[in-house]
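Participant: Okay, predicted coordinates and the sequence, questions at the end:
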Amino acid sequence: MRVLQKIEDFRRERRAATGSVGLVPTMGYLHEGHLTLVRRARAENDVLAVSIFVNPAQFGPQEDFATYPRDMDRDLSLLQAEGTDLVFAPSTEEMYPGGFSTWVEVTTLTDRLEGAARPGHFRGVATVVAKLFGTVQPHIAYFGQKDAQQAVVVKRMVADLNIPVEIRVVPTVREHDGLALSSRNVYLSPEERKAALSLSQGLFRAGEKYLAGERNAELLRQAVRDVMQEQPIVRPEYVSVAASDTLEELDVVTAGALVSLAAHVGRSRLIDNVLLE
Ligand code: AMP
């Protein structure tokens, strides 16, 4: 496994690579969710590249960039054990040198959900992903369904900018009790961890109602809110039932709809979603 911090050094390794290159972009502090993407990419490509970069451009000024958990040594040993070939771990200065002034903005899709709650977030995401694609030049890139809107935005970007990469989306990996794995779960106290279960439980409740025949989107949103409301320390930010491609809110639920939410639990802001199938 080669670990490269410089774009030029990575490019040199990339030029020597033969066969298909799979990329898993991450912000590090790896957990089983990330490693599931890594294993899938390992199985489906000749060369496995993983990037580790906590991208300041996708954090708002009041968000947790400074305190975002980091552990490069642990991440590298996990990636080594998964048979990773190339790790790209640039510094902030390497990615955003002085004079940097070009941004990728995906419109419309980013007005909603996470984009509405976190202005500028997807501009940062789209820009860094475009830069990673330019550096790594993967044939296939892997994203988690956990960040459902991110996957939709990245797909739109590569289609609109004719970037020759295939985007594959991997289902959300959960703890045994249903909590979606997230690097930010380390912030949760035991009490918050328990209360945070109401997010996935709310989503599962909506899924059950859908399976039982409920097609009224507002009643599904309410079902999610009802479960979260049982936990006073959970502060929901939004609960959405939307079309999974356009992310437009639905009145009547159609197959493949995305039920998603964001909520504050203690000092953590957590997101989760399920697809209705
Ligand atoms: P992050 O390091 O949070 O930027 O995540 C890197 C990639 O891992 C993104 O594509 C995420 O959607 C994905 N990911 C994070 N958590 C999970 C999870 N619990 N299940 C599946 N994918 C995940």
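Facilitator: Structure received.

Participant: Strands of the stretch 151-277 of the chain, start to end?
Facilitator: Using DSSP state E, counting those that start in this stretch, the strands of the stretch 151-277 of the chain run over residues 166-170, 234-242, 258-265, 268-275.

Participant: The ligand is nearest to which of these?
Facilitator: Of all the strands of the stretch 151-277 of the chain, it is strand 166-170 that lies closest to the ligand, at 5.6 Å by Cβ to the nearest ligand atom. (C-beta placed from N, C-alpha, C; glycine too.)

Participant: Enumerate the residues of the stretch 1-150 of the chain near the ligand.
Facilitator: Contacts of the stretch 1-150 of the chain with the ligand, taken as Cβ under 6 Å from any ligand atom, map to 26-27, 33-34, 36-37, 143-144, 146-147.

Participant: Just among those, which is most surrounded?
Facilitator: residue 34 (28 neighbours; other Cβ atoms under 10 Å).

Participant: Would you agree that residue is in contact with residue 27?
Facilitator: No: look at residue 34 against residue 27 with Cβ atoms under 8 Å: they stay out of range, at 9.2 Å.

Participant: residue contacts, residue 140?
Facilitator: Residues near residue 140 by Cβ atoms under 8 Å, 6 or more residues apart in numbering: 20-23, 41, 44-45, 165-168.

Participant: so which of the residues you listed would you say is closest to residue 188?
Facilitator: residue 41 (28.4 Å; Cβ to Cβ).

Participant: any idea how far the closest one lies from residue 202?
Facilitator: 31 Å (Cβ to Cβ, to the nearest Å).

Participant: sorry, back to before: how about a markdown table for the strands of the stretch 151-277 of the chain, with mean neighbour count, distance to the ligand and mean pLDDT added?
Facilitator: Below are those laid out as a markdown table (neighbours: other Cβ atoms under 10 Å; distance: least, Cβ to the nearest ligand atom, whole Å; pLDDT from 0 to 100):
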| stretch | mean neighbour count | distance to the ligand | mean pLDDT |
| --- | --- | --- | --- |
| strand 166-170 | 17 | 6 | 99 |
| strand 234-242 | 19 | 17 | 98 |
| strand 258-265 | 23 | 13 | 98 |
| strand 268-275 | 21 | 9 | 97 |
